[in-house]
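S.K.: have a look at this prediction, sequence included:
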Amino acid sequence: TQLLEQSPQFLSIQEGENLTVYCNSSSVFSSLQWYRQEPGEGPVLLVTVVTGGEVKKLKRLTFQFGDARKDSSLHITAAQPGDTGLYLCAGARNQFYFGTGTSLTVIP
Amino acid sequence: KAGVTQTPRYLIKTRGQQVTLSCSPISGHRSVSWYQQTPGQGLQFLFEYFSETQRNKGNFPGRFSGRQFSNSRSEMNVSTLELGDSALYLCASSFLGSAGGNEAFFGQGTRLTVV
């Protein structure tokens, strides 16, 4: 059973388009993290959201933590080929739980 | 501040052999977690160590074991390797670990191929 479900699983879009990735759980987390991973490399931490309803921006990336701290979303504006990668959400309880991942391909 | 260091980066082993992977966490971090990542299964939790004690363990057979040293460096051992053990093994370090609610920082991983 996956504690964190991500959708969509795969996403292929044209450069310049906008997209949103969702991370959902039935459990409450004290914080959620988002990572991006490139093939053959370890995941790189993008952001941590802590407060319910919190919104954080990282250039063209906007992260939101649900009011109930059970879900989160990642919105990318005007996607670029450099955004291509596997996006993972994660939360900590008795261990670090990772989402199923969203594989994003941005086509030039 | 140096990041998480995993060695070796790549490894090729034969079925039946054993392998030891190493992880040096970020200085000051006391928690090290290990994960197996395969295309079909995603990130699967192996175990977490905190101050030399195994805090939690995932659903992997006993062939997978680990330990943590007093300097927080950790090793993971896989005995009697099987073809299905081929994967990217990732180590993550955090200050207080999952119980502390901290974020985890990953190494670059060790790509293990079993032939």
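M.R.: Sure thing, it's come through. The structure displayed is predicted, hence computed values, not measured ones.

S.K.: for the one residue in chain B that gets nearest to chain A, which non-adjacent residue is spatially closest?
M.R.: Closest to chain A within chain B is residue B:106: 3.5 Å, counting by Cβ to the nearest Cβ. Just so you know, the C-beta spots here come from the backbone N, C-alpha and C atoms, and that holds for glycine as well. Nearest non-adjacent residue to residue B:106, counting by Cβ to Cβ, 6 or more residues apart in numbering or on different chains: residue A:42, 3.5 Å away.

S.K.: which parts of stretch A:74-91 are buried?
M.R.: Neighbour-count burial for stretch A:74-91 flags A:74-76, A:79, A:83-91 (criterion: 16 or more other Cβ atoms under 10 Å in any protein chain shown).

S.K.: thought residue A:68 was touching residue A:29, still the case?
M.R.: No. With contact defined as Cβ atoms under 8 Å, residue A:29 does not count as touching residue A:68 (10.1 Å).

S.K.: more crowded one of these two?
M.R.: For residue A:29 and residue A:68, the more surrounded residue by other Cβ atoms under 10 Å in any protein chain shown is residue A:29, and the numbers stand at 25 against 10.

S.K.: chain B: strands as residue ranges?
M.R.: Remark: strands assigned in chain B by DSSP state E are B:5-7, B:10-13, B:19-24, B:31-38, B:42-50, B:53-57, B:64-68, B:74-78, B:87-94, B:105-106, B:110-114.

S.K.: what lines up beside the second one in the sheet?
M.R.: Within its sheet, and counting by DSSP bridges, strand B:10-13 is paired with strand B:110-114 (parallel).

S.K.: got the contact list for the closest residue to residue A:4 other than its chain neighbours?
M.R.: Counting by Cβ to Cβ, 6+ apart, residue A:4 lies nearest to residue A:99, which is 4.0 Å off, once chain neighbours are set aside. By Cβ atoms under 8 Å, 6 or more residues apart in numbering or on different chains, the contact list for residue A:99 reads A:2, A:4, A:5, A:6, A:23, A:88, A:89, A:90.

S.K.: quick one: least confident of the buried residues of stretch A:74-91?
M.R.: Here the lowest pLDDT out of the buried residues of stretch A:74-91 sits on residue A:91, with 88.
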